[in-house]
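Sharing a model prediction with you, sequence too.
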Protein chains: 2
Amino acid sequence: MKKNAFYAQSGGVTSVINATAYGVIDEARKSNKIGKIYAGKNGILGALRENLIDTSKEPKTFIDSLQYRPGGVFGSCRYKLKDFDTNKKEYLRLMEVFKAHNIGYFFYNGGNDSADTAFKVAQISKKLGYPLNCIAIPKTVDNDLAITDNCPGFGSVAKYVVTSTIEAALDVESMAETSTKVFILEVMGRHAGWIAASSSIAQESHPGAPDIILLPEIIFNQPKFLKKVKEVIDSKGFCVIVASEGLKNTSGKFVSESGLKDAFGHSQLGGVAPYLANLISQKTKLKNHWAVADYLQRSASHVSSEIDRKQAIKVGREAVKYALQGKTSVMPIIKRLQDSPYRWKVEAAALSKIANVEKVLPKSFISKDGFGITDKGKKYFKPLIGGQNKEMKQNARYLKPKCIMVAKKLSAWR
Amino acid sequence: MKKNAFYAQSGGVTSVINATAYGVIDEARKSNKIGKIYAGKNGILGALRENLIDTSKEPKTFIDSLQYRPGGVFGSCRYKLKDFDTNKKEYLRLMEVFKAHNIGYFFYNGGNDSADTAFKVAQISKKLGYPLNCIAIPKTVDNDLAITDNCPGFGSVAKYVVTSTIEAALDVESMAETSTKVFILEVMGRHAGWIAASSSIAQESHPGAPDIILLPEIIFNQPKFLKKVKEVIDSKGFCVIVASEGLKNTSGKFVSESGLKDAFGHSQLGGVAPYLANLISQKTKLKNHWAVADYLQRSASHVSSEIDRKQAIKVGREAVKYALQGKTSVMPIIKRLQDSPYRWKVEAAALSKIANVEKVLPKSFISKDGFGITDKGKKYFKPLIGGQNKEMKQNARYLKPKCIMVAKKLSAWR
């Protein structure tokens, strides 16, 4: 009798996590070696509560549509399993549910914490003698997983941020003469500045924004920042800033701390952009506008990166192959073979090296003054946002006008 | 000798104002009846300062690209001409510049204030005996111009807001079990709730968001709002709110007033979303996230409405035709002929009826409880967001899963 599979989505969702679900389900259906794929309702909670969605009841058209659907279609959760010794009950329950439903494959789609969950489940199943192939599948907009070159979900956020930065910069450029001179976009990234850093790719389009990138890796230095803003305004008349939500001050605290924490104990952030806007208003009187992208950036499937979507599907398919090959306690990771033209492949990596490890932005990606990204960094980011949608032909769209002025015939006004 | 034309962009820009510039320039070039089209550098200031961009020096490929380019390519301005009696000097200067450059056609692309400027220029040119055909061309994301059924620029913002609301709602739906339960999106709209109201079209897609729409037309009632949030959470587990930046409290003040004012004396707003988030955190403890779209919404040409773009081009072309027909002091406005299938035409309306008039959301568009939009309102909004880009096939993308649960075999967990 064929074993069934359990698949679940965990942590903050992305615009392509459902593309991974599609990869897993489609590959499992095609393999003919797996019975049913049960999706956990709200991640691992679905297993604990025995809330299993029978994906075989969903039509192919629906499963196919998952390639383009934002959010986590089966529900996600922020729920971290404790150590076996601390909470044996949970692990025993998981094994009980898996046994009751003849589940032999465990696919957990998430970030650091989820890799840790999959790793623990693999260890415990071995300990308890229950045969279970445990595969963690990478997903995180934060791009902070170890070993893998990049994480599915990240490329699409990067594309959203690059697109939005160019568009807003063109807006501010046209308003700057008599109105808004500074625009601030706040993006996600608690401890690692990958998302903010990716906005550097927008600099390749006219009007060359962002002018300042604020990363959690670089302590926020108020006087240096305000000096830089003034320099940019003096030289080009307007200034576009992309700021990471996790920006920290000299005492190591988040610049804007709301005081709330999530189930993993992470601080709940937001409000760096209004903080900076307030600072600029008070210290420079420059008129400014600010935006906080929040969930819009990670759910924007209408502007997803095609490379990201392909990789999200591929890691789902590979996960199924690994499980059928008898692998356990591994994650399909993305290995970059070449920057340009971009080439990549997927291979298996041990969860022991991934669980709970957080990969920050390499120092070599950050420019000397701390406000920009080096060419090395840009080389890394560029291919990940690949795959413009048809309406987004950047080069054709964002041309700089020649603006050849008509010779003046009159004396100056005022 | 052919007369030249002056074209300029004014006020807050949109993602399709350059499509109008394309319409004007392309139509004028084709007509063979207009000499050169001079674009004012930064709106009317370009005329006052004699900063005229010679658009004949821009290649056709560039002019064609304007159909898809956000921002205001020739620079915009927030600069309101005073009355003739108060500041005669400015008007005399305009006539001097127009005369010096043989300008016989004046096209001003903007909102209420710009219609007023075009109206005044038309009156003064007549008074001073300088022959000038003055045409105001509509543009505003606020959709608050009188006479016209809708304003170019609005449909694209509406499409952005509808798209973002659906995407973010799918995200929140998947997180709500253990994490974020309330999501707030702040959109533009100082005194009229057109943009916030357009988000109601998102309700036609799964998961039926937004649940609450907060309009400047309806005084914010805190207890009633919090009660509604709780009701929504109790019934579906999560709550999506779209709030207008111009939300006012019982004393008639903006809920979130930053104290800054722009050149027209308008209050500079922002921060309704964090205000509401804070309120919800304090009064209900429900975990929430918030986004402020700000300039991203009005510059998002990557997700522009095709209808909006077509109308923006058309009003530009018609403006040129009117001027060549000898019309003056008029605006090409959009007349709706039919809701579905949507049919519309452009016709001329007198500026005297448009200048400085602000059209608010009709009462008949607002639901009884003040938190939603009636079917009549939805019928109005729906065609304006028409024209999905290919990656945005809503119906295929946002399907609701059947979620047929596997029969439980074990006793309940915990």
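Thanks, I have the structure now.

who's in contact with residue A:324?
Contacts for residue A:324 were tallied using CB atoms under 8 Å, 6 or more residues apart in numbering or on different chains; they are A:31, A:33-34. Backbone N, C-alpha and C define where each C-beta goes, glycine included.

Only the buried members of these: can you turn that into a PyMOL selection?
Restricted to buried positions by 16 or more other CB atoms under 10 Å in any protein chain shown, the PyMOL selection for the contacts of residue A:324 reads:
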select buried, chain A and resi 34
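
Same list (the contacts of residue A:324) but as JSON lines, adding distance to chain B, secondary structure and pLDDT.
Formatted as JSON lines, the contacts of residue A:324 follow (distance: CB to the nearest CB, whole Å; DSSP: H, G, I helix; E, B strand; the rest coil; pLDDT from 0 to 100):
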{"residue": "A:31", "distance to chain B": "20", "secondary structure": "helix", "pLDDT": "97"}
{"residue": "A:33", "distance to chain B": "20", "secondary structure": "coil", "pLDDT": "98"}
{"residue": "A:34", "distance to chain B": "15", "secondary structure": "coil", "pLDDT": "98"}
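
ok, the residue lying closest to residue A:15 once chain neighbours are set aside - how many residues close by?
Spatial nearest neighbour of residue A:15, excluding adjacent residues (CB to CB, 6 or more residues apart in numbering or on different chains): residue A:301 at 4.1 Å. Residues contacting residue A:301 under the criterion other CB atoms under 10 Å in any protein chain shown number 28.

Check residue A:301 and give its pLDDT.
At residue A:301, the pLDDT value in this model is 92.

Quick check, it in contact with residue A:17.
No. Counting by CB atoms under 8 Å, residue A:301 stays clear of residue A:17, with 10.2 Å between them.

Could you pull out the residues contacting both of the two?
What both residue A:301 and residue A:17 touch, as defined by CB under 8 Å, 6+ apart, is an empty set.

For residue A:147, what are phi and psi?
Main-chain dihedrals, residue A:147, degrees, to the nearest 10: phi 70, psi -60.

For it, which non-adjacent residue is spatially closest?
Distances taken as CB to CB, 6+ apart place residue A:349 nearest to residue A:147, at 4.5 Å, with adjacent residues excluded.

The one you found falls within a helix, correct?
No. Under DSSP: H, G, I helix; E, B strand; the rest coil, residue A:349 falls outside any helix and is assigned strand.

Kindly state the beta-bridge partners for it.
Beta-bridge partners of residue A:349, counted by DSSP bridges, are residue A:331.

residues in contact with it?
A:147-148, A:330-333.

okay, among the residues you listed, which ones form the most distant pair?
The largest separation in these, counting by CB to CB, is between A:148 and A:330 at 11.9 Å.

any chance you could map the strands in the stretch 201-350 of chain A?
Using DSSP state E, counting those that start in this stretch, the strands found in the stretch 201-350 of chain A span residues A:212-214, A:239-244, A:257-261, A:267-269, A:288-292, A:330-338, A:343-350.

Out of these, which one sits most buried?
Among these, strand A:239-244 has the highest mean neighbour count (mean count of other CB atoms under 10 Å in any protein chain shown), at a mean of 30.

Low-confidence ranges, chain A, go.
For chain A, the stretches with pLDDT under 70 are A:257-270, A:387-397.

Which residue, other than its chain neighbours, is closest to residue A:91?
Take residue A:91 and drop its neighbours on the chain: the residue closest to it by CB to CB, 6+ apart is residue A:124, 4.5 Å away.

same question but for residue A:170, I mixed them up
The shortest distance from residue A:170 to any residue other than its chain neighbours is 3.2 Å, reached at residue B:71 (CB to CB, 6+ apart).

now do residue A:197
Residue A:197's closest residue in space is residue A:373 (CB to CB, 6+ apart), at 5.1 Å.

Where does residue A:150 sit: helix, strand or coil?
When classified by three-state DSSP, residue A:150 comes out as coil.

Check the burial of it by counting its neighbours.
Around residue A:150 there are 24 residues (other CB under 10 Å).

before we move on, what about the one 4 residues further on?
The burial count assigned to residue A:154 is 30, neighbours taken as other CB under 10 Å.
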